[in-house]
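Asker: Give me a model of this one.
(one chain, ligands or ions: 1)
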Amino acid sequence: MQKSILILGACGQIGTELTLALRKTHGNDHVIASDIREGSESLMESGPFEILDATDYDALEEVVAYYEIEAVYLMAAMLSATAEKFPERAWNLNMTSLFNVLNLGKERKIQKIFWPSSIAVFGTNTPKTNTPQNTIMEPSTVYGISKLSGERWCSYYHHKFGVDVRSIRYPGLISWKTMPGGGTTDYAVEIYHKALSEKKYSCFLQPDTKLPMMFMDDAIRATLMIMDAEADTLKVRSSYNLAAMSFSPSQIAESIQKEIPDFTVTYEPDFRQTIADSWPSSIDDSEAHQDWGWKSEFDLERTTTEMLKHLTP
Ligand code: VAH
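Answerer: Model (predicted):
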């Protein structure tokens, strides 16, 4: 009998699109979406859904047993900006949920795990351009600390207990199907919505703040690729660097102004500027390319075309 897949945090920015993509390839009934609240209409209508708190081990174990889950995608997390406002809640959510899933793997109740890390694991003393897979990692944000700790635990559970956990350090992600929440890179989504609705946007980062970014279609494809890869090809069991493009707020504004010439942007940096300044401006993802054939397909121009096409009423 075909085993099932469980997505934790299925209503989030990545979780929503990942659920729809997995349902397309595995069939709706074999992909169980879950979150602490219901999600978008397209998500709720397309297959089974459970209200589930990823920090509740007993509830998680019950859902895994009931649906005979083979693989878990743990997408539930508190992102960088919100985590700075609620450090202990962020640590509890990001770490307890990870330990719950890793322990299910250790007990062989599930066979495969995907867990998202982030470029937030790097800090101000990390080499800023073409940041390598292995380098100085001293994150200065609650979110980055939780993601770096999570990477070390993923590697420990793989090497000590044989848990098949796979991970990617996502850059900032740009999507049109769902709004992101609580991230420092969320400006790169908000700007498209504001360009279309008001033709003006106040950006919370400086115009020259260059950050690694990726269109959601690339991020979903990378996630499915690493999960489909042969286990012995994956030499990195902490988390793989992943890259597509890097741009600044002024560069994304220029790409939008090619389509909407009278769009204007002002810049009013807030606390998220300090977070962004601690992150790399570009990433070297050679290992992901070598080990499992990763190659991005969306640059800024193609991303802007897709975003404006799908968001235009
Ligand atoms: C955030 N979107 O802004 C997330 C991401 C690299 C940034 O991890 O917190």
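
Asker: Regarding the spatially closest residue to Lys235 that is not a sequence neighbour, what is its secondary structure?
Answerer: Distances taken as Cβ to Cβ, 6 or more residues apart in numbering place Asp291 nearest to Lys235, at 5.5 Å, with adjacent residues excluded. Where C-beta positions appear, they are placed from N, C-alpha and C, glycine not excepted. State at Asp291, reduced to three classes by DSSP: H, G, I helix; E, B strand; the rest coil: helix.

Asker: Tell me how far Asp291 lies from Arg23.
Answerer: 27 Å (Cβ to Cβ, to the nearest Å).

Asker: Same check on Ile145?
Answerer: Taking Cβ to Cβ, one finds Ile145 at 34 Å from Arg23.

Asker: higher neighbour count, Asp291 and Arg23?
Answerer: For Asp291 versus Arg23, neighbours defined as other Cβ atoms under 10 Å are more numerous around Arg23 (20 against 16).

Asker: Please list all residues in contact with that one.
Answerer: 31, 46-47 (Cβ atoms under 8 Å, 6 or more residues apart in numbering).

Asker: show me where this protein has helices.
Answerer: Along the chain, the segments classed as helices by DSSP state H run 13-26, 41-45, 57-66, 80-85, 87-106, 142-161, 187-197, 216-228, 249-257, 272-277, 286-292, 300-311.

Asker: Can you flag the residue of the protein lying furthest from its geometric centre?
Answerer: Asp262 (32.2 Å; Cα atoms, centre = their mean).

Asker: Confirm for me that Phe204 is in contact with Thr185.
Answerer: No. Contact criterion Cβ atoms under 8 Å: Phe204 and Thr185 do not qualify, at 10.7 Å.

Asker: Those two: which is more packed in?
Answerer: Thr185 (28 against 20).

Asker: quick revisit: and the residue nearest to Lys235, how close does it get to the ligand?
Answerer: Distance, Asp291 to the ligand, using Cβ to the nearest ligand atom, to the nearest Å: 22 Å.

Asker: Isn't that residue up against Asp232?
Answerer: No. Applying Cβ under 8 Å, one finds Asp291 not in contact with Asp232, separated by 10.1 Å.

Asker: Chain neighbours aside, what residue packs nearest to the residue farthest from the centre of the chain?
Answerer: Closest to Asp262 by Cβ to Cβ, 6+ apart is Lys199, at 5.8 Å.

Asker: Tell me, what's the model's pLDDT at the one you found?
Answerer: Among the per-residue scores, Lys199 shows a pLDDT of 98.

Asker: Same question for Lys3.
Answerer: 78.

Asker: Ala81 now?
Answerer: 95.
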